[in-house]
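Trainee: predicted model follows, preceded by the sequence.
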Amino acid sequence: GENVEQHPSTLSVQEGDSAVIKCTYSDSASNYFPWYKQELGKRPQLIIDIRSNVGEKKDQRIAVTLNKTAKHFSLHITETQPEDSAVYFCAAGFQKLVFGTGTRLLVSP
Amino acid sequence: SQTIHQWPATLVQPVGSPLSLECTVEGTSNPNLYWYRQAAGRGLQLLFYSVGIGQISSEVPQNLSASRPQDRQFILSSKKLLLSDSGFYLCAWTGLAVSGANVLTFGAGSRLTVL
């Protein structure tokens, strides 16, 4: 089955800096790669996703890149703000999604 | 528009007691339904998923079971809870997959504490 690894587990940046979170997956059949943001005590919320026929996707300050050959994908957040502080999860799959272990992002003012 | 409801939001149960968590989806038909569990400070573990009434796939052997008695209803159960069953349980749904996976949307979650 699919196995997703996510790094780093924690990430601290200064406001205005960029943040990068990386994930690798194992199943070449996976064709959907979403990223979720989870604030404390809340449900995960989709922030951006990418499908296997696309290499890069951008939405304002966030972007995701996908390298299918190497089986890895990354989340990029530019001009970070304190409200970006949360836990971020990557996921990979086809009919069902397998999630990474999460990255706790802390943005300091 | 589609909405997903999950209840109860919180519950505290003694070890050995039964469990029933319920999830319903409105505004769509024949959704794929999922139960995930999140232990404190941990990631999201897929427990069960269902592509139709009475069709349940179990991802990990455990003390839990799932049922789908109606198209938009998904129930997570246990006959006897263990301490290790404590966690944040999330129901989720996706629409019909035409090609590849569709967007996964989570319910608000049920926080279970087993004492």
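Mentor: Nice, thanks for sending it over. Numbers count the residues shown, from 1 in each chain, chains lettered A, B, ... in the order given.

Trainee: what is the burial count for the closest residue in space to A:Glu39 that isn't next to it in sequence?
Mentor: Counting by Cβ to Cβ, 6 or more residues apart in numbering or on different chains, A:Glu39 lies nearest to A:Ala86, which is 4.9 Å off, once chain neighbours are set aside. C-beta: built from backbone N, CA, C; applies to glycine. By other Cβ atoms under 10 Å in any protein chain shown, the residues close to A:Ala86 number 21.

Trainee: A:Ala86 against A:Leu106, yeah?
Mentor: No: in this structure A:Ala86 lies outside contact range of A:Leu106 using Cβ atoms under 8 Å: 9.2 Å.

Trainee: ok, residue 3 - how many residues close by?
Mentor: If you meant another chain, say so; for now it's chain A. Neighbour tally, A:Asn3, other Cβ under 10 Å: 11.

Trainee: that's the wrong chain, I meant chain B
Mentor: 12.

Trainee: how near is the residue nearest to A:Glu39 to B:Tyr34?
Mentor: Distance, A:Ala86 to B:Tyr34, by Cβ to Cβ, to the nearest Å: 22 Å.

Trainee: contact residues of chain A facing chain B?
Mentor: A:31-32, A:34, A:42-46, A:49, A:51-52, A:89, A:91, A:93-102 (Cβ under 8 Å from any Cβ of the partner chain).

Trainee: just the buried residues of those.
Mentor: A:31-32, A:34, A:43-44, A:49, A:52, A:89, A:91, A:93-94, A:96-102 (16 or more other Cβ atoms under 10 Å in any protein chain shown).

Trainee: how long is stretch B:86-104 end to end?
Mentor: 23 Å (Cα to Cα, to the nearest Å).

Trainee: coming back round to it: report pLDDT for the residue nearest to A:Glu39.
Mentor: What the model reports as pLDDT for A:Ala86 is 97.

Trainee: for it, give me its contacts.
Mentor: A:Ala86 sits next to A:Lys37, A:Gln38, A:Glu39, A:Leu40, A:Arg104, A:Leu105 when contact means Cβ atoms under 8 Å, 6 or more residues apart in numbering or on different chains.

Trainee: what does the third one show for phi and psi?
Mentor: It stands for A:Glu39. phi -90, psi 160 (degrees, to the nearest 10).

Trainee: kindly report the same for the fifth one.
Mentor: When quoted as degrees, to the nearest 10, the phi and psi of A:Arg104 stand at phi -90, psi 110.

Trainee: thought it was touching A:Phe89?
Mentor: No: counting by Cβ under 8 Å, A:Arg104 stays clear of A:Phe89, with 10.7 Å between them.

Trainee: on that earlier part again, got CSV for the contacts of A:Ala86, with distance to B:Gln38 too?
Mentor: Shown next, in CSV, are the contacts of A:Ala86 (distance: Cβ to Cβ, whole Å):
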residue, distance to B:Gln38
A:Lys37, 14
A:Gln38, 9
A:Glu39, 13
A:Leu40, 12
A:Arg104, 14
A:Leu105, 17
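
Trainee: hmm, which two among the residues you listed are most spread apart?
Mentor: A:Leu40 and A:Leu105 (12.5 Å; Cβ to Cβ).

Trainee: since that was my last question, I'll sign off now.
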